[in-house]
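Undergrad: heads up, no residue letters with this:
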């Protein structure tokens with residue numbers, strides 16, 4: 001597992017590139033970012049002008065000649081979101097802090113797109129974090145107004161994210177696990193946004209020291225599909241506060257209020 005990051009100014013134009021060297025991880029910054037995620041309550045109304053909606057764009061790398069495995073791609077997408085949310089640049093006076101504050105105070109929105117070839121390379125120049133898992137890569141971008149979305153991301157296709165593979169159902173021995181709802185049929189793009197949201201909410205299940213260790217380890221996590229029996233147990237765990245569920249607003253593909261993914265921490 002690895003992650004790469006790039007810098008750009010507020011217009012999305014590149015300033016410097018640090019795709020090879022990973023940014024430093026400062027415990028105080030992780031704690032501040034963790035506090036933001038723990039404090040997130042969701043909800044709220046969207047602005048009247050759709051261009052004013054705040055959203056996090058995500059890009060999945062799906063090369064036509066060599067598409068990634070489904071589980072690896074969803075894992076990379078979820079990790080990219082977690083890494084961005086806990087990045088040093090999102091804390092304090094960092095260049096991403098204000099955008100993250102605004103986004104987490106509004107209704108959380110994520111939109112996943114597909115990129116390949118030169119499109120993928122161009123997307124690396126826009127503020128965000130790329131995570132890899134196996135042969136899969138995904139990038140999460142610093143959230144902002146939909147109307148201000150960088151042209152290099154905006155032009156990417158929202159559809160066409162389907163890849164082969166079945167999600168495992170076995171429970172790992174330890175760590176953050178994101179369980180998908182076995183009763184919902186979602187595209188990979190939709191599900192990438194949902195597991196990305198779940199990786200954020202998983203922070204609520206970690207204390208500050210655990211969050212620091214998780215970030216230092218590059219936010220390892222597992223994406224699994226729950227069996228119907230396990231899903232019932234997870235819903236009960238969410239109700240008791242030992243797991244945390246993602247409830248979708250219902251803008252695309254599924255009904256409002258649907259529980260799409262449930263995050264739990266195993267073996268802590």
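TA: Arrived safely, thanks for sending. Worth saying up front: this structure is predicted, and the values here are computed from it rather than measured.

Undergrad: For the nearest residue to residue 45 once chain neighbours are set aside, the count of nearby residues, please.
TA: Take residue 45 and drop its neighbours on the chain: the residue closest to it by Cβ to Cβ, 6 or more residues apart in numbering is residue 107, 7.2 Å away. All C-beta atoms are positioned from the backbone trio N, CA, C, and that covers glycine. Residue 107: 16 surrounding residues under other Cβ atoms under 10 Å.

Undergrad: For residue 107, which residues are in contact?
TA: By Cβ atoms under 8 Å, 6 or more residues apart in numbering, the contact list for residue 107 reads 42, 43, 44, 45, 46, 54, 249.

Undergrad: Tell me the one of the residues you listed nearest residue 214?
TA: Comparing those against residue 214 with Cβ to Cβ places residue 42 closest, at 21.4 Å.

Undergrad: What's the local residue count around the nearest residue to residue 134 once chain neighbours are set aside?
TA: Excluding its sequence neighbours, the residue lying closest to residue 134 (Cβ to Cβ, 6+ apart) is residue 72, at 3.8 Å. By the criterion of other Cβ under 10 Å, residue 72 has 19 neighbours.

Undergrad: who does the helix or strand where residue 72 lies touch, helix- and strand-wise?
TA: Using DSSP states H and E, the element containing residue 72 is helix 70-85. Where contact means 3 or more Cβ pairs under 8 Å, 6 or more residues apart in numbering; DSSP states H and E, helix 70-85 is packed against strand 2-8, helix 27-39, strand 54-61, strand 128-133, strand 136-141, helix 188-201, strand 221-225.

Undergrad: Give me the sheet partners of the fourth one and which way each runs.
TA: The reference is to strand 128-133. Sheet pairing of strand 128-133 (DSSP bridges) gives strand 2-8 (antiparallel), strand 136-141 (antiparallel).

Undergrad: now residue 163: how far from residue 154?
TA: Distance of residue 163 to residue 154, computed by Cβ to Cβ, to the nearest Å: 23 Å.

Undergrad: wait, I meant residue 237
TA: From residue 237 across to residue 154, the span is 39 Å (Cβ to Cβ).

Undergrad: who has more neighbours, the two?
TA: Using other Cβ under 10 Å as the criterion, residue 237 and residue 154 rank with residue 237 on top: 18 against 13.
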